[in-house]
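**Q** Here is a sequence with its predicted model. Questions after.
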Amino acid sequence: MLVTTIERMKELVPVIVGSDFKKYETFVKEGREWVKREITGSTLYAKLDVAGNETLKEYAEGVVANKGYLLGIPFFDLVETEAGFAVVRTETKAPASKERVEKLTRGVESWLSESIERLLEYLEENSQYHEDWKGSSTFSLLTETYIHKLKDFRRIAPFEGTRLDYVAQLPKMLDVINLTIAPVISSDLSDEIIEQLRDNDMTPANQAILKNLQFAFANYVVGQPDKAHSYLMKVRKVLLASPDTYPTFRDSDLYASILATVIEKNTDEKPIFRAGF
């Protein structure tokens, strides 16, 4: 189980000075559930205590502790009385100002973001966890596009945000894929490439166009459409030059439409021969 003592809480959340873990226990439990639900998924979470997963567990505990503390901040100085809620006071300490509490909250949010960044980066870079990680919502989000790792995205296009910022871009990424790229290479081929990337079984033909497809995708996402379009046209050129190499594209409605347009154009441009000529 993740984060079970006050000593561990203090290691992971430096502002804690208390000595009673019960004060944090409910919020830490919520933090554990959040990590399991949102990041690791149930299968991988169940293996965090397995020997050999100590580093993964340590990073997950960082998220749990900071998430739990953040959830608890609004309630730590409140007690229920018969007349309602009151703020805890002592002879030597008075409740902090609203501004100080807001500053603390921002600080813990920053620690939480850094903890999530470390955990996700570790999971991205260690493929031995990917099979167990597949059941999580975060893994699904990260593998619905042509680029799964933030560091790979950054090699292609400028992006200064965190992994949380990267995940937050998913709706925009899906729009780029479904509304801009798929209409050019076919939805069928796009879906096939995404599935093969997720399963790590790319065909040689799809591998040959993947790099240009990734450059197109990343540059559309960061707002460089001209550069992105040039890479996408390179992919399109390959597909049209050798459709039999890409049967998913060849058999798509898009390619059928392209052929129909070409046939119609050739028919319209065919010379008209009259008697006597």
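**A** Yep, that arrived.

**Q** which residues in the chain form strands?
**A** 78-81, 84-87 (DSSP state E).

**Q** Ignoring the adjacent residues along the chain, who's closest to L239?
**A** F249 (5.0 Å; C-beta to C-beta, 6 or more residues apart in numbering). (Glycine included, C-beta is placed from N, CA and C.)

**Q** my guess is that neighbour meets I258, correct?
**A** No - look at F249 against I258 with C-beta atoms under 8 Å: they stay out of range, at 9.8 Å.

**Q** Between these two, which has more neighbouring residues?
**A** Ranked by neighbour count (other C-beta atoms under 10 Å), F249 and I258 place F249 first, with 27 against 17.

**Q** Contact partners for that one?
**A** 185-186, 188-189, 239, 243, 255 (C-beta atoms under 8 Å, 6 or more residues apart in numbering).

**Q** same deal with N206?
**A** 189, 192-193, 196, 246.

**Q** These: which two are farthest apart?
**A** Q196 and Y246 (12.6 Å; C-beta to C-beta).

**Q** who's more crowded, these two?
**A** It is Y246, of Q196 and Y246, that has more neighbours when counted by other C-beta under 10 Å, with 25 against 15.

**Q** For that one, list the residues it contacts.
**A** Taking C-beta under 8 Å, 6+ apart, one finds 189, 205-206, 239 in contact with Y246.

**Q** make it 10 Å
**A** 185-186, 188-189, 192, 203, 205-206, 208-209, 238-240, 252, 255 (C-beta atoms under 10 Å, 6 or more residues apart in numbering).

**Q** swap in K57?
**A** 2, 47-50, 64.

**Q** How about L174?
**A** Taking C-beta under 10 Å, 6+ apart, one finds 141, 144-145 in contact with L174.

**Q** One more pass at 6 Å, please.
**A** By C-beta atoms under 6 Å, 6 or more residues apart in numbering, no residues touch L174.

**Q** now do the one 5 residues further on
**A** Neighbouring residues of L179 by C-beta under 6 Å, 6+ apart: there are none.
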